[in-house]
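Chemist: sequence and predicted structure are below.
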Amino acid sequence: MRSEYLLYMLAAVFFVITAVSLALVIDQMQKSLWVVTTVVLGLFSAGLGYYQRSKPTASAKSAPATTPVTAEPSDAHVKEAYVAENVQRSPEPVPMPQSVSPVPMQVVAPIPVMTPPVQAVAPQRNELTVVRGINAKRAEQLNTLGIKNIDDLANASAEDLAKNLTISPKITRMWIGSAKKLKK
């Protein structure tokens, strides 16, 4: 038997105990304690049963005819499987319109074209990322401020950088100190 059914039955038992305790327990203090306890346990069991219910599977949902893939597979075997998979996923051909002309015309079927997967271009490493505490994102922010290399960073003002980047001047002073050491 599935676990959610057992939990639902346990909840029903607790609710029956609640009804019996309302009817049979004479002392008011014991009655309220029994009622509250059994109601809480019944609700808890029902909630667990609901939580344990079976979920619909993903195979029940219909998949679209074509699935666009944006990332390029890295392994050669995976690339072959990707190409083979995409050949099978080509959409159904569209029927050609019939000509009303008395001259017979040659039917030309569209040729499916496979586009090669997009090659991922490795981002160029910025010279500023050599400085401790500057990552690629921060280097891009510095480039927008006109600081393209370590020399520019070594000659920059710590207060102006801190103000423009909205960070602590202590950090920018550390960057400038590191840039001056690397410059030598």
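Modeler: Noted; the coordinates are in hand. Residues are numbered from 1 along each chain as shown.
Chemist: going forward, measure contacts between C-alpha atoms and count neighbours the same way
Modeler: OK.
Chemist: so where's the chain uncertain?
Modeler: When residues are selected by pLDDT under 70, those of the chain lie in 1, 25-27, 29-30, 57-93, 96-97, 99-109, 121-124.
Chemist: domain assignment for it?
Modeler: Annotated domains of the chain cover 3-51, 127-183 [automatic domain parsing].
Chemist: CA atoms only for whatever helix or strand Ser32 lives in, dumped as CSV, please.
Modeler: Using DSSP states H and E, Ser32 maps to helix 28-51. The C-alpha coordinates for helix 28-51 follow below in CSV (Å, rounded to 0.1, in the frame of the first residue of the first chain):
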residue,chain,number,x,y,z
GLN,A,28,-13.0,19.2,31.0
MET,A,29,-9.2,19.6,31.3
GLN,A,30,-8.5,16.1,30.0
LYS,A,31,-11.1,16.5,27.2
SER,A,32,-9.5,19.7,25.9
LEU,A,33,-6.1,18.1,26.0
TRP,A,34,-7.2,15.0,24.1
VAL,A,35,-9.1,17.0,21.5
VAL,A,36,-6.3,19.4,20.8
THR,A,37,-3.7,16.6,20.7
THR,A,38,-5.7,14.3,18.4
VAL,A,39,-6.7,17.1,16.1
VAL,A,40,-3.1,18.3,15.7
LEU,A,41,-1.9,14.8,15.1
GLY,A,42,-4.7,14.2,12.6
LEU,A,43,-3.9,17.4,10.7
PHE,A,44,-0.2,16.5,10.8
SER,A,45,-0.8,13.0,9.4
ALA,A,46,-3.1,14.4,6.6
GLY,A,47,-0.5,17.0,5.7
LEU,A,48,2.2,14.3,5.5
GLY,A,49,-0.1,12.2,3.4
TYR,A,50,-0.6,15.1,1.0
TYR,A,51,3.1,15.7,0.9
